[in-house]
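*Asks:* below are the sequence and a predicted model for it; my questions follow.
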Amino acid sequence: LGEYLFAGRSLYGHSIYEHLLASIQHLLVAFALVALVGIVLGSVLGYFGRLYPIGMVPVSIYQMIPGLAWLPVAILMFGLGDDSAVFIIFAVSSMVITIGVSSGMRMVPPVLVRAAKMMGAGSATIFCRVLVPQAGASIVNALRLGMSSAWRVLIAAEMIVGTGVGLGYSIQLTRDLLDYVGAFACITIICLVGLFIDHVVLAWVERTMRQRLGLEEA
């Protein structure tokens, strides 16, 4: 691992940093789409109570499909490469955020909504000033779960769809060539990056949100 990180040792034609950067780029593109769709769809299902039991049926069915089951669809639509990896991540992680956001919206005490209506607040004000702040911690937690799911699926997707560069693609090559040193070096990097994203970046976002809501002291 030290040779890959500090001595410039190549891993199948690319440095370990190039593989890591490629994986992070795949992750950021996919997670931006996942977060957008998950937050919007989850907010709609959480805000409109009558729509929730109907909308959650296809969401639940969609979530039951294993990530790699989307592989034939991804290859047929996008071929081998980065786009297929992004599609698989989106297919797996979007519903995780949708369910978390909608559940958080529905957990907001109805008395707060009624109080806002009595004070003359409209639907947009109730959504932006009552539901979103009160469900903020749940939304951030949903994003954490979605990010963790996306990172795990990313590695599997890169191993299968032939992105040409990336940590998952590298692990696939190490398996074919019985390169245990390279395999465990990649696994270590994957664990360290996953821990950094979850326990540093997203944990800071969650702590900031809880402080603003008065749920945690600064």
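*Replies:* Looks like it came in fine.

*Asks:* was I right to think L112 contacts A135?
*Replies:* No. Under the criterion of Cβ atoms under 8 Å, L112 is not in contact with A135, lying 10.9 Å apart. No exception for glycine: its C-beta is placed from N, CA and C like everyone else's.

*Asks:* ok, the two, which is more surrounded?
*Replies:* For L112 versus A135, neighbours defined as other Cβ atoms under 10 Å are more numerous around A135 (25 against 15).

*Asks:* for the more buried one, what are phi and psi?
*Replies:* Phi and psi for A135, reported as degrees, to the nearest 10, are phi -90, psi 10.

*Asks:* identify the single longest helix in the protein, thanks.
*Replies:* In the chain, assigned by DSSP state H, the helix with the most residues is helix 16-47.

*Asks:* what distance separates it from the centre of its chain?
*Replies:* Counting by Cα atoms, centre = their mean, to the nearest Å, helix 16-47 is centred 5 Å from the centre of its parent chain.

*Asks:* and that helix, which residues are buried?
*Replies:* Across helix 16-47, burial judged by 16 or more other Cβ atoms under 10 Å covers 16, 19-20, 22-24, 26-27, 29-31, 33-35, 37-39, 41-47.

*Asks:* which elements pack onto that helix?
*Replies:* The contact analysis (3 or more Cβ pairs under 8 Å, 6 or more residues apart in numbering; DSSP states H and E) places helix 16-47 against helix 52-63, helix 82-106, helix 136-161, helix 167-176, helix 180-196.

*Asks:* and those, which is most packed in?
*Replies:* Greatest average neighbour count among the helices and strands packed on helix 16-47 goes to helix 82-106 (a mean of 25), per mean count of other Cβ atoms under 10 Å.

*Asks:* what's downstream of it, the next helix or strand?
*Replies:* As assigned by DSSP states H and E, the chain's next helix or strand after helix 82-106 is helix 110-118.

*Asks:* next one: the very next helix or strand once past that following helix to chain centre, how far?
*Replies:* Counting by DSSP H and E, the next helix or strand C-terminal to helix 110-118 is helix 123-126. Put simply, helix 123-126 sits 28 Å off its chain's centre (Cα atoms, centre = their mean).

*Asks:* need the residues that contact stretch 100-119.
*Replies:* The set of residues external to stretch 100-119 that reach it, using Cβ atoms under 8 Å, 6 or more residues apart in numbering, is 38-39, 41-43, 45-47, 49, 52, 56, 125-126, 129-131, 134-135, 137-139, 141-143, 145-146.

*Asks:* let me fix that: stretch 20-27
*Replies:* With Cβ under 8 Å, 6+ apart, stretch 20-27 has contacts from 82, 85-86, 89, 150-151, 154-155, 157-158, 163, 165-168, 189, 193.

*Asks:* same thing but at 7 Å, please
*Replies:* 82, 85-86, 150-151, 154, 158, 163, 165-168, 189, 193 (Cβ atoms under 7 Å, 6 or more residues apart in numbering).

*Asks:* check those and tell me the two furthest apart.
*Replies:* V86 and I189 (20.4 Å; Cβ to Cβ).

*Asks:* buried residues in the helix-or-strand element of the chain with minimal mean pLDDT, which are they?
*Replies:* Lowest by mean pLDDT, DSSP states H and E among the helices and strands of the chain is helix 203-212, with a mean of 78. Judged by neighbour count (16+ other Cβ under 10 Å), helix 203-212 contains these buried residues: 206, 209-210.

*Asks:* lovely, talk soon.
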